[in-house]
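Take this sequence and fold it.
(one chain, ligands or ions: 1)
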Amino acid sequence: MKVLIVYTTRYGTTERVAKSVKKLLEEKGHTVDVNRVEENLSSAGYELVILGAPVYRDGPHWDMMEWIGEHREELEDVPKAFFLVAMHLAGSVFMGKLHGGIAYAKPLIDAFEVPPFYGTLIGGEIDPEKLSDEDRKKMRRFYAVLGERLEKKSLFKEKDVKAFVRRTLLYYDWFGKHFKRGELDMVKDFDFMEKVKEVEGNAQG
Ligand SMILES: Cc1cc2nc3c(=O)[nH]c(=O)nc-3n(C[C@H](O)[C@H](O)[C@H](O)COP(=O)(O)O)c2cc1C
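Modelled structure (predicted):
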């Protein structure tokens, strides 16, 4: 199928993930275009759009949110999946409020009438030496909140990218392809556990 990956990045990790997703999809015979949000291209004419953004300041990068805002109408007509690149993967409850983890994805869900059918977090990377002075200051604060020190670290794992691609294709097939305007009703009764049982049965039989 024809897939578009739209991403933004500041220090390159999300770009690396986007390129890796492209390669994995191509290996499975799909046709893939990769665009940076800054190119501000249209998503019309694709069968699947994958949004990729790093998490900055507790949410998907604002350039991605802006691109979504500008292209929302056409994005309602195409199934969407996303990956967010972040450091605070597990998430926590901080001062009584959800903080980090998959809660980072809320703006990406709330932005649409027909939300993405699948999305997950991918581990990011941080190298204090490469950060701008301003970003280094902000990151020191971020890690202080987590009770840690800012130091070079990577949570990136290629196997997580592989799992993202595998699941995106699987769920696209199961229900994702109908996550577009006018077709959502076709999957409103989709029973995830029934499907899992069916797959288990096939594997045993
Ligand atoms: C200024 C700044 C703010 C960040 N804020 C968050 C955050 O709120 N939560 C988080 O999990 N990671 C945060 N990160 C970590 C980035 O998501 C991580 O470094 C990611 O790999 C960056 O992706 P990129 O190289 O594509 O820009 C922040 C990083 C910087 C430099």
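
what number of residues lie near the nearest residue to Arg181 once chain neighbours are set aside?
Distances taken as CB to CB, 6 or more residues apart in numbering put Glu76 closest to Arg181, at 4.5 Å, once the chain neighbours are dropped. The way it works is simple: take the backbone N, C-alpha and C, and place the C-beta from them, glycine included. When neighbours are counted by other CB atoms under 10 Å, Glu76 registers 16.

Retrieve the pLDDT associated with Glu76.
Looking at Glu76, its pLDDT stands at 97.

From Lys195, how far out is it?
According to CB to CB, to the nearest Å, Glu76 stands 25 Å off from Lys195.

contacts for stretch 192-200?
With CB atoms under 8 Å, 6 or more residues apart in numbering as the test, stretch 192-200 has contacts from Trp174.

For the remainder of this discussion, apply numbering that starts at 35.
Renumbered: residue one is now 35, and that last one reads stretch 226-234.

Report the mean confidence score over it.
The pLDDT scores in stretch 226-234 average 89.

The one residue in the chain that gets nearest to the ligand: how many residues sit nearby?
Among the residues of the chain, Gly158 lies closest to the ligand, at 2.5 Å counting by CB to the nearest ligand atom. Neighbour count for Gly158, taken as other CB under 10 Å: 21.

Surely it touches Phe117?
No: using CB atoms under 8 Å, Gly158 makes no contact with Phe117, being 10.7 Å away.

Okay, helices next: where are they in the protein?
Assigned by DSSP state H, the helices in the chain fall at 47-61, 96-109, 140-144, 167-179, 192-208, 226-238.

Mind putting those into JSON lines with mean neighbour count and distance to the ligand?
Below are these laid out as JSON lines (neighbours: other CB atoms under 10 Å; distance: least, CB to the nearest ligand atom, whole Å):
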{"stretch": "helix 47-61", "mean neighbour count": "19", "distance to the ligand": "3"}
{"stretch": "helix 96-109", "mean neighbour count": "17", "distance to the ligand": "10"}
{"stretch": "helix 140-144", "mean neighbour count": "14", "distance to the ligand": "13"}
{"stretch": "helix 167-179", "mean neighbour count": "13", "distance to the ligand": "4"}
{"stretch": "helix 192-208", "mean neighbour count": "16", "distance to the ligand": "13"}
{"stretch": "helix 226-238", "mean neighbour count": "10", "distance to the ligand": "28"}
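
Mind putting those helices into TSV with distance to Arg215?
Shown next, in TSV, are the helices of the chain (distance: least, CB to CB, whole Å):
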stretch	distance to Arg215
helix 47-61	24
helix 96-109	9
helix 140-144	16
helix 167-179	38
helix 192-208	17
helix 226-238	22
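
Least reliable of those helices by average pLDDT, please.
helix 226-238 (a mean of 87).
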